[in-house]
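Trainee: next one to model:
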Amino acid sequence: MSYTIGIDVGGTFTDFVLTSSGSTELRVHKSPSTPSDPSDGVITGLGELAELEGLDLATFLDRTAMIVHGTTVTTNAVLTERGARTGLLTTEGFRDVLEMRRGVRSRTHLYDNKYTAPPPLVPRHLRLPVRERVDASGTALVELDRDAARAAVSELLGLGAEAIAVCFMHAYADDAHEREVAEIVRELAPDVFLSVSSEVLPQVRLYERVSTTAMNAYVGPVLRRYVERLVARLNDERFGGVLLVMQSNGGVAIPEIVTHLPASTVLSGPAGGPVAGLAHARGAGSEDCLIVDMGGTSYDVSLVRDGEVQVTHDGEVNRQSVSLPMIDVHTIGAGGGSIGWLDEGGLLHMGPQSAGADPGPAAYDRGGTEPTCTDADIVLGYIDPDYFLGGRMPLRVDLAEQAIERRIAGPLGLGVVEAAAAMYDVINLVMAAGTKDMTLARGVDAAEFPLVAAGGAGALHAGMIAAELDLSTVIIPPTSSVLCALGMVLADLRHDYVQAHRVLWSAFDPAAARELLDGMLAQGAAALDREGVEPARRRERVTADMRYIGQHHEVAVEFPLADLDGGAEGMDRIEAAFTARHEQLYGFSAPGRPMEVIGLHATVLGRREAPELQQLAAESGDTLKGHRRAWLPTERRLEDVEVHDGHRLAPGQHVAGPAIVERATTTVLVPERFTLTVDRLGSLILSNKEQSR
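Mentor: Sure, this is the predicted structure:
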């Protein structure tokens, strides 16, 4: 027997999904995260998994063929501003592009006259200009001053730079100057992490390119140290299998590749959710779904359309631009650890501050004193304090009540239960608003999609979020609390490439575009060769960034590579695809208006032997565990409700709300007016018969 393990390191818990050869059963496990060194939590959780399998850790890992790991190391480095000390070399006269951005305010804060941009990842004294200049056509207007470049590198090293980013004007058109400076850095400091824009992001838009290149350098040493430490600890425990790392684009890759492009992991953790969410939506008969993941510190929303996980090239982490391909995830600070607080006017807020894993919610009895969403859920009767994590982690109701009384109930003149209910309502409204913002910005109506609920706290809140958004269906997979970890087990190998190619559509040369795309696809094929993927298990995908002349934002248009060999008919098909996509995103199109191409993208995928999702047996026993007094969120009162054993529910069974369904790693609230049914894969389907759609 051999094992495959998916691991997702979250802010509060580290999640594990275990599959074994010859079996469709999945083992789900959660272990507290260790923010000071995430590898400690990983090794501890693996030891607990081994014990559940009746093995010692060394024997367990010796039998493990593959570990797929999603990490928050790079994410946290950016969020906490604790990345490597990074230097930036850029074209003379453009030293402050990283700080100027695209203006005083970001695109998401255009109308906030009090908005203050975050400090750049590289402070000004570590941003040094180099005399050189290349224009947009690739012509060198000013040759590189090699002596000045060497002096600048030496100065950065003297200032203690652990990483160096190199980003020159229009290097996407000709990268000769960047390559020369890169050689100087490798000569003077071979151990310093080096990030070169023409390797990281060879495309137009200077700010996005310099920001992404700087972020790649900023998180590079952090990820490299973590991966090396984790690999060493796994090797010490006799792990001889394959380690893969989840990337932000929803695919996985070997450590060698991600440590070369570490910024590709800044959304490594959340990227697994849509992959697994799609698998369960298909099990319920849908190729479209919204995935909402409510963890300990954050609430992530992502979208699947027509069986495709949505990817964006225009992302931000902690308001710092990163333009590498990543799962289109909208994140807000709302999770089980989100802290309730009152502003100066006495208005209740939930988050974005979080108690995290240390000290955690007050009920954890680890020193936390602030009232959190989890504390409110306990006081409202939704969580059994003696069955949290299947009984492995007892909770203190009295500490939750004291925190809510001191911070919320007392100041507002409310009872503790009423205050907890207000906290529950507010965080549901915050999450519903975040979900609606995400879907509207992408030109879709949330009410047309089933909602896949994930995260340890997601199933307690998904019903009321659905009611707020007028959704009729919620899918709660049997692995909902560890959905991202499951997605890592299911994900394919994936590599993305981009190349600037700005040309008027009327002058577009299909042969030249084909040559560029073939070069990128060859890079992807070489990466899959290193990862041992057979040619028969590979897929390719190409897109063009297109826009009407005068537009600021372009539209990514996917097309068959053969269209470039199809003459005028092939070009017409690409143009029609652009028109349809533009209409879908913006509600209009302008056929006949002059267009241009900005860049080309190529994606290569290597299919993995992913386990089939477990189908539940038809037999079941009595699922009723008893009754518990719980708050009814619609009728606004406490009442005794049925509590069911979620592990005994079989396909086809029904539970009418209000009710609570308990599984070892998650609890489901079935609100009034909802009915719960079980599908063939064991997903719990919440249906609201009163919704309009």
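
Trainee: need phi/psi at M546.
Mentor: The phi and psi values for M546, taken as degrees, to the nearest 10, are phi -130, psi 160.

Trainee: specify the beta-bridge partners of it.
Mentor: According to DSSP bridges, the partner residues bridging M546 are V555, V597.

Trainee: hang on, it packs against G599?
Mentor: No. Using C-beta atoms under 8 Å, M546 is not in contact with G599, being 9.4 Å away. Yep, even glycine has a C-beta here, placed from its N, CA and C like the rest.

Trainee: common neighbours of the two, please.
Mentor: Here M546 and G599 share the contacting residues E554, scored by C-beta atoms under 8 Å, 6 or more residues apart in numbering.

Trainee: which ones are touching T64?
Mentor: By C-beta under 8 Å, 6+ apart, the residues touching T64 are S2, Y3, T4, I5, F239, G241.

Trainee: element containing the third one?
Mentor: Taking DSSP states H and E as the definition, T4 sits inside strand 3-9.

Trainee: what about the stretch 551-693 of the chain, any weak spots by pLDDT?
Mentor: Confidence mapping of the stretch 551-693 of the chain against pLDDT under 70 gives the ranges 614-621, 689-693.

Trainee: quick one: the helices in it?
Mentor: Using DSSP state H, counting those that start in this stretch, the helices of the stretch 551-693 of the chain run over 567-586.

Trainee: what segments of it are strands?
Mentor: With DSSP state E, counting those that start in this stretch as the criterion, the stretch 551-693 of the chain has strands at 555-559, 595-606, 624-632, 637-645, 654-656, 659-663, 666-670, 674-678, 684-688.

Trainee: wait, doesn't R494 sit right on R608?
Mentor: No. Using C-beta under 8 Å, R494 makes no contact with R608, being 10.4 Å away.

Trainee: so what sits against both of those two?
Mentor: Taking C-beta under 8 Å, 6+ apart as the criterion, R494 and R608 both touch V252.

Trainee: what about these two, which has more around it?
Mentor: Between R494 and R608, R494 has the larger neighbour count (other C-beta atoms under 10 Å), namely 25 against 20.

Trainee: farthest residue from the center of this protein?
Mentor: For the chain, the residue at maximal distance from the C-alpha centroid (C-alpha atoms, centre = their mean) is D147, at 42.6 Å.

Trainee: wasn't it part of a helix?
Mentor: Yes. Under DSSP: H, G, I helix; E, B strand; the rest coil, D147 falls within a helix.

Trainee: domains of this protein?
Mentor: What automatic domain parsing lists as the domains of the chain is 87-94+113-208, 493-606, 624-688.

Trainee: span of the first one from start to end?
Mentor: Start-to-end span of domain 87-94+113-208 (C-alpha to C-alpha, to the nearest Å) is 17 Å.

Trainee: same check on the second one?
Mentor: This stretch, domain 493-606, spans 5 Å end to end (C-alpha to C-alpha).

Trainee: report the distance from that domain to the chain centre.
Mentor: 24 Å (C-alpha atoms, centre = their mean, to the nearest Å).

Trainee: what's the answer for stretch 6-17, then?
Mentor: Put simply, stretch 6-17 sits 13 Å off its chain's centre (C-alpha atoms, centre = their mean).

Trainee: and stretch 450-461, by the same measure?
Mentor: Using C-alpha atoms, centre = their mean, the offset of stretch 450-461 from its chain centre is 16 Å.

Trainee: now that stretch: mean pLDDT?
Mentor: Looking at stretch 450-461 alone, the average pLDDT works out to 93.

Trainee: now do the buried residues in it.
Mentor: P450, L451, V452, A453, A454, G455, G456, A457, G458, A459, L460, H461 (16 or more other C-beta atoms under 10 Å).

Trainee: what values do phi and psi take at the third one?
Mentor: The phi and psi torsions at V452 (degrees, to the nearest 10) take the values phi -100, psi 120.

Trainee: now do the second one
Mentor: According to degrees, to the nearest 10, the main-chain angles of L451 amount to phi -100, psi 120.

Trainee: all further residue positions should be reported with the first residue as 41.
Mentor: Yep, numbering from 41; the last one is L491 now.

Trainee: in stretch 127-139, what's buried?
Mentor: G127, L128, L129, T130, T131, E132, F134, R135, V137, L138.

Trainee: thinking again about what came up before, dump the strands of the stretch 591-733 of the chain to CSV, plus mean neighbour count.
Mentor: Shown next, in CSV, are the strands of the stretch 591-733 of the chain (neighbours: other C-beta atoms under 10 Å):
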stretch, mean neighbour count
strand 595-599, 19
strand 635-646, 22
strand 664-672, 16
strand 677-685, 17
strand 694-696, 15
strand 699-703, 23
strand 706-710, 26
strand 714-718, 20
strand 724-728, 22
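
Trainee: now render the ones you listed as CSV, adding distance to L318.
Mentor: Below are the strands of the stretch 591-733 of the chain laid out as CSV (distance: least, C-beta to C-beta, whole Å):
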stretch, distance to L318
strand 595-599, 17
strand 635-646, 14
strand 664-672, 32
strand 677-685, 27
strand 694-696, 26
strand 699-703, 22
strand 706-710, 20
strand 714-718, 20
strand 724-728, 16
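
Trainee: out of those, nearest to I204?
Mentor: Each of these has some distance to I204 by C-beta to C-beta; the shortest is strand 635-646, at 25.7 Å.

Trainee: many thanks, have a good one.
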